[in-house]
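>>> Provide a 3D model corresponding to the input given below.
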Amino acid sequence: MSALSFTQIEIDGFRGLRSLNLEGLGRVNILVGQNNSGKTSVLEALSILCNPQKPSEWLSMVRRRDFGRLDENIVQSLRWCFKQTAKNNYDDFIEASCHFKCESLILKQLTVKYTEFMGSHTEVISIPIGEDLFGDTEYEHEEEITPCRAVKLEHSFVLSQQGKGESFFLKVNEKGGVIPSFWEERKKQYSYYINYELLTPYSYQLSKVQLQTFSEQLFNDDIVELLQDFDADIDGIQIASFSGERAAIYIKHKQLGIAPLSVFGDATRRAVLLTSTLLSLKNGGVLLIDEVEVGIHVSALANFFKWLVNAARKLNVQVFVTTHSLEALDAITFSDNDHAEEDIVVFRLKQTEEKTESKRLSGDLLHRLRFERGLDVR
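I've put the predicted structure just below:
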């Protein structure tokens, strides 16, 4: 089996995770547990660990969770990524930190320190001062600077091969103003990273942005071969606009002819997104999927997950998924009889007063618990 991107991770102080240790990671890792047990937080932690030199990864991470912009501001979103105490209230300026250890291709340790401080927000105000010769309004521009709460994130890490390093990220204020060094940080080229994608429950509803993001993979010859493993009647895929308007994804199908992706079921639509994503991550990438069962009918689960597991093996991609569905858990763990004993692993998370506990289930033990005893291992 090809080397895995991660074989072990420890997480402490990130969101609600406390002293969590996941050992013996496999090719496909399934995270189960009750609501608020920390399943999604593990995926978010992995997204940070894939880019230890890039503190701005935190912005992407909090925006994925708060895509509806429910939080008041980005400062509030970031504060809740760190362990809170009962004494904390929003009027307090706090310092906090979280710690990660792992066995991975690039990283051994990462410590992130969070500090709130008083920053400033600069806003350009245009004041009308009269009219010019043509009767157009003339304006005078002034800068208004207001004090506000801002955030500093400090990354300290130990790489697997190259020793220690640090990166700094001065962030934004409550109004969304960005301190200039943030934009400089975005331009940096990073030497140590693992390609990854995190797919949320709504990602399969291919948006225009996703169409552009994955267009390169849609022209890859391998995409048709992978999709045929899912549906043998698929003959091709292309981006086209038959009406001369907005381009869309079309599937060439033996039964339907050339048809837009929108007419196919959710399982096919997810397969297209996953195929293009897997191809972008091949040879060592990490695919993170939150609520993997969303949009897939119970009757299609077995075929869908058998295809996903085989594609991950074929392309050498490590997969982490969360699920609440016992049917999905059964479908993915018993999708075929040929997988290696440690290829598919289930981790059951549970929050206690002291720590976030993890129970690892794989191979024969997992089969016995489900098929012989019929236990609900979620």
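>>> where does the stretch 1-150 of the chain have low pLDDT?
Of all residues in the stretch 1-150 of the chain, those with pLDDT under 70 make up the ranges 1, 67-70, 85-88, 133-134.
>>> with V62 as the reference, measure out to the nearest residue to E197 once chain neighbours are set aside.
Once flanking residues are discounted, E197 sits nearest to T277: 5.0 Å by CB to CB, 6 or more residues apart in numbering. C-beta: built from backbone N, CA, C; applies to glycine. T277 is 21 Å from V62, where distance means CB to CB, to the nearest Å.
>>> looking at this, the residue nearest to E197 is in a helix?
Yes: membership of T277 in a helix is supported by DSSP: H, G, I helix; E, B strand; the rest coil.
>>> pretty sure S358 sits against L22.
Yes: with contact defined as CB atoms under 8 Å, S358 reaches L22; the gap is 5.7 Å.
>>> partners of L22 in the sheet?
In this entry, L22 is beta-bridged to I9, by DSSP bridges.
>>> show me what contacts it?
Q8, I9, E10, N29, V42, F347, S358, R360 (CB atoms under 8 Å, 6 or more residues apart in numbering).
>>> just the element for the last one, please.
Secondary-structure element containing R360, defined by DSSP states H and E: strand 356-362.
>>> what does the fifth one give?
With secondary structure defined by DSSP H and E, V42 is part of helix 39-49.
>>> could you report the pLDDT at the closest residue to L226 other than its chain neighbours?
Nearest non-adjacent residue to L226, counting by CB to CB, 6+ apart: T275, 4.8 Å away. pLDDT for T275: 86.
>>> quick one: the helices in the stretch 101-250 of the chain?
Listed in chain order, the helices of the stretch 101-250 of the chain (DSSP state H, counting those that start in this stretch) span 180-186, 208-213, 215-218, 221-230.
>>> run through who's touching the helix holding V42.
Contacts for helix 39-49 (CB under 8 Å, 6+ apart): 6, 9, 11, 14-17, 20, 22, 31-33, 57-58, 60-61, 64-65, 100, 102, 104, 107, 110, 112, 194, 196, 198, 286, 288-290, 320, 322, 349.
>>> just checking, which of those belong to helices?
Among the contacts of helix 39-49, the residues falling in helices (DSSP state H) are E57, W58, S60, M61, R64, R65.
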